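Asker: quick one, structure for this:
(2 chains)
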Amino acid sequence: MNMDTEQLIIRLAQDVPAVRRHAVARRIALGMACGAVVTVALVLALLGIRPDLATAVHGFPFWMKWAYTISLGALAISATARLARPTGVSLKPLWPLAVPALLLTGIGIGELARTPAQQWLAMWLGASWKVCPWLVLMLAIPIFIGLLWSFRKLAPARLRAAGATAGLAAGAWAATIYCLHCPEVSALFVLTWYSAGIALAALLGALLGPKLLRW
Amino acid sequence: MRHSEQQLRAWMTGGLDGDAAAHAALLRALVPLLGAFFRRRLSGADADVDDLIQETLLAVHEKRATYDRGRPFTAWLYAVARYRLIDHCRRRRATVAAEDLADILATEGFDNQVSARLDVERLLDGLPPKQARAIRATHLEGLSVAEAARTSGLGESDVKVSVHRGLKALAARIRGGPPS
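Answerer: Residues are numbered from 1 along each chain as shown, chains lettered A, B, ... in the order given. Coordinates of the predicted model:
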């Protein structure tokens, strides 16, 4: 064996701390939680909690929005955890993401059926369609940075895919936190404008992944 | 010498539990494996091969938390080596064929060891639970008949008979005969 290699092994063997089980999941959860704390602080400082939150949590729209963003966030984070290992190369874990989108589409079709056609546009655009995607994208950035920190100890083999799912997870959890501020109630609004913000975050992740996730 | 998947995995999990000697043994055992892997894929360029071996050892060390203890070690190892190879070629603007992990394991001679373990588990699942437990204890976990009898709460002769009947049934199944 090459002398340099032998010396490298001796040096590496001096630093062998025990690794806890589920180290990958812990690392991802920690990075995400730190980012989420910053995002919550940004919502509190810049946007404010919706004043009617206490009554909204007794209504359907609030939970519909949370069910959508939380299920996307959970699926995206589990896909990210798979892609964070060098053996994780399959993109099949992304298929379940279609389920929440299809369910919300179903609710949206019900909404259209119950609403007169001349009000469709107003319902779809709500009061905040112009800012919603951009706010979700902005709020996703701290969580994305938290995940980038997580990835420093991880080993993704597909950098673009891992970046995209990390961005998607950051976007979905940012949207979850944004629900504390946003008073919109329409399923079609959420399906379009929330999803647009989450997709922008995923796109950002896909663009940055190959540069920032290299190891 | 060349070590088995089972031995490499034992060293890896030892290292993950904080055993520095196991970790060093693992890294030493990986040098010839990685050398063969990279040499096969980079014709000539011995300096490159040495660099890649060292970079991969470093990656195995730094990224060891991403190995899942329940999964085959060599699959993880060659996934790391494959990433290092692709990254190396990207930096040199050279191209390299991106092979499937399954193909790599086959070329490096580890696919049988990884799938053999799964096959054994599948066969044992087809036996009565008592026989399967007796065979697992004495033939896979390496217990003596006396130890196996104690842990399962059976008599020694009972364990012996279970192992005997179970192995006979497995042999019959592998030969394709009807289960006896």
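Asker: correct me, but A:Ala170 touches A:Leu137?
Answerer: No. Counting by CB atoms under 8 Å, A:Ala170 does not reach A:Leu137; the two are 9.4 Å apart. Heads up, the C-betas are built off the backbone N, CA and C, glycines and all.
Asker: just the CA atoms of stretch B:49-69, as PDB, please.
Answerer: Taking Å, rounded to 0.1, in the frame of the first residue of the first chain, the C-alpha atoms of stretch B:49-69 are listed here in PDB:
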ATOM      1  CA  VAL B  49      -6.100   5.900  -9.200                       C
ATOM      2  CA  ASP B  50      -4.200   6.700  -6.000                       C
ATOM      3  CA  ASP B  51      -5.900  10.100  -5.700                       C
ATOM      4  CA  LEU B  52      -9.300   8.500  -6.200                       C
ATOM      5  CA  ILE B  53      -8.600   5.800  -3.600                       C
ATOM      6  CA  GLN B  54      -7.700   8.500  -1.100                       C
ATOM      7  CA  GLU B  55     -10.600  10.700  -1.900                       C
ATOM      8  CA  THR B  56     -13.000   7.800  -1.600                       C
ATOM      9  CA  LEU B  57     -11.500   6.700   1.800                       C
ATOM     10  CA  LEU B  58     -12.000  10.300   3.000                       C
ATOM     11  CA  ALA B  59     -15.600  10.200   1.700                       C
ATOM     12  CA  VAL B  60     -16.300   6.800   3.300                       C
ATOM     13  CA  HIS B  61     -15.000   8.400   6.600                       C
ATOM     14  CA  GLU B  62     -16.800  11.700   6.400                       C
ATOM     15  CA  LYS B  63     -20.100  10.400   5.000                       C
ATOM     16  CA  ARG B  64     -20.300   7.200   7.000                       C
ATOM     17  CA  ALA B  65     -23.500   8.500   8.700                       C
ATOM     18  CA  THR B  66     -25.300   8.000   5.400                       C
ATOM     19  CA  TYR B  67     -24.700   4.200   5.500                       C
ATOM     20  CA  ASP B  68     -27.900   2.500   6.700                       C
ATOM     21  CA  ARG B  69     -26.900  -0.400   9.000                       C
END
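Asker: residue numbers of chain B in contact with chain A?
Answerer: B:15-21, B:23-24, B:27-28, B:31, B:50, B:53-54, B:57-59, B:61-69, B:71, B:75-76, B:79-80, B:82-83, B:87, B:101 (CB under 8 Å from any CB of the partner chain).
Asker: who has more neighbours, A:Ala170 and A:Leu137?
Answerer: A:Ala170 (35 against 23; other CB atoms under 10 Å in any protein chain shown).
Asker: how close does that one get to A:Ala29?
Answerer: Between A:Ala170 and A:Ala29 the computed distance is 14 Å (CB to CB, to the nearest Å).
Asker: output the longest helix belonging to chain B.
Answerer: helix B:20-41 (DSSP state H).
Asker: which helices and strands sit right next to it?
Answerer: Applying 3 or more CB pairs under 8 Å, 6 or more residues apart in numbering or on different chains; DSSP states H and E, one finds that helix B:20-41 contacts helix A:3-12, helix B:5-16, helix B:46-62, helix B:73-91.
Asker: what's the first helix or strand after the lowest-mean-pLDDT helix or strand in chain B?
Answerer: Among the helical and strand segments of chain B, the one scoring lowest on mean pLDDT, DSSP states H and E is helix B:111-125, with a mean of 74. Counting by DSSP states H and E, the next helix or strand C-terminal to helix B:111-125 is helix B:129-135.
Asker: residues of that following helix that come out buried?
Answerer: B:130-135 (16 or more other CB atoms under 10 Å in any protein chain shown).
Asker: what about it, distance to the chain center?
Answerer: Distance of helix B:129-135 from its chain centroid, counting by CA atoms, centre = their mean, to the nearest Å, is 23 Å.
Asker: need the contact partners of that helix.
Answerer: B:124-125, B:127, B:148, B:152, B:154, B:159, B:162-163, B:165-167, B:169-170 (CB atoms under 8 Å, 6 or more residues apart in numbering or on different chains).
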